[in-house]
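*Asks:* Quick one: sequence plus predicted model below, questions after.
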Amino acid sequence: MSNSASTTDGVTMERTSSEKLPQQDYVHGKCSDIRAVLSLTLSAIGLGVVMLPTVFASCGWLGGVLVITLGALFASFALTRQYLAISLTPSSKGPVYTYEDLGGVCFGKAGWIFTAIVVHLTMSGLCASLLVLLGENTTKLVPSISQRIWIVIWAVFFIPFTFLRTMHEVSYVAAIGMVSILTLFAVVSANGLMVGLTTHEEIAHDIFVTDVTRLATNFGVCILAYNTTNSAATLVRDMAKPKHFVRVSRVAYVIIYAM
């Protein structure tokens, strides 16, 4: 009798303690740390690259460095806080696979709905901004085609990527994107050096813009460019070692900032 009772109590205690464990101990995917770094980097750096010239043109060289530095620090801090919220959620409250799930865990159904609205509006804005910027930049390269047509072309080009289901699959595309961006920077840097050495025209530029409103506006632009929080919950779920997320995010943000 006593052995049976102790066994039952042991099972009950084990079950109770397991329900209190954070979900990071249960969630395991196939995405390695290196692929997670690539996925986080590409989720931010794509929009960041096309926005970067605008920030420096508006804020000046030192002002641009200040704004993108503050943007990187703020975004990295927010991402770390979000991961802690996800990883410390008890499994008894259900797995947190999306940003909306986190809102539901914290504030119930109303929190889930409100978070879903904010996330989808933000992501729609990011997609629209990226398409407009890509269309604008491509029009400068091929002016014979209008900006609207280029936006449509880019939108059609991105449609197949919406069928990628996990961050493990996205990481393969991210690796290709990283190589493309490094190649782009090499070409732009080489061209910039050639133009700087061969041109004799005086180029007007600002060192620092003292307009607080302009600095604040571009800080908001940088926050959007550095934004990776919308994919954090999915990435934590798909990582093979989700406890490494903070380390992965810091490496990713160092790469993003360097770019």
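*Replies:* Received it, and whenever you're ready, just let me know what you need. Numbers count the residues shown, from 1 in each chain.
*Asks:* hey, let's count contacts and neighbours off CA atoms from now on
*Replies:* Fine.
*Asks:* And the strands in the stretch 1-150 of the chain?
*Replies:* Under the criterion DSSP state E, counting those that start in this stretch, strands are not mapped anywhere in the stretch 1-150 of the chain.
*Asks:* where in it is pLDDT low?
*Replies:* For the stretch 1-150 of the chain, applying pLDDT under 70 flags the ranges 1-28, 45-52.
*Asks:* any idea where the helices of it begin and end?
*Replies:* Across the stretch 1-150 of the chain, reading from the start of the chain, the helices by DSSP state H, counting those that start in this stretch fall at 2-19, 33-87, 99-141, 147-158.
*Asks:* closest to Ala252 out of those helices?
*Replies:* Distances from Ala252 to each of the helices of the stretch 1-150 of the chain were compared using C-alpha to C-alpha; the shortest belongs to helix 33-87, at 5.1 Å.
*Asks:* Flag every buried residue along stretch 135-152.
*Replies:* Of the residues in stretch 135-152, those buried by neighbour count under the rule 16 or more other C-alpha atoms under 10 Å are 135-136, 138-139, 147, 150-151.
*Asks:* hmm, back to that, I'd like the helices of the stretch 1-150 of the chain as TSV, with distance to Phe208 appended.
*Replies:* Formatted as TSV, the entries for those read as follows, by distance: least, C-alpha to C-alpha, whole Å:
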stretch	distance to Phe208
helix 2-19	54
helix 33-87	5
helix 99-141	24
helix 147-158	31
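*Asks:* who wins for proximity to Asn227 among those?
*Replies:* Between Asn227 and the helices of the stretch 1-150 of the chain, the shortest separation by C-alpha to C-alpha is 5.7 Å, and it involves helix 33-87.
*Asks:* which helices and strands sit right next to the host helix or strand of Val221?
*Replies:* Under the assignment given by DSSP states H and E, the secondary-structure element containing Val221 is helix 212-225. With contacts defined as 3 or more C-alpha pairs under 8 Å, 6 or more residues apart in numbering; DSSP states H and E, helix 212-225 has these neighbours: helix 33-87.
*Asks:* residues touching the most centrally placed residue in the chain, list them.
*Replies:* To find the centre residue of the chain, average its C-alpha atoms and take the closest one (C-alpha atoms, centre = their mean): that gives Thr228, at 2.1 Å. Counting by C-alpha atoms under 8 Å, 6 or more residues apart in numbering, Thr228 makes contact with 40, 43-44, 75, 79.
*Asks:* And Gly196, its phi and psi?
*Replies:* Its backbone dihedrals place Gly196 at phi -60, psi -30, with angles given as degrees, to the nearest 10.
*Asks:* separation between it and Ala186?
*Replies:* Distance check for Gly196 against Ala186: by C-alpha to C-alpha, to the nearest Å, it reads 15 Å.
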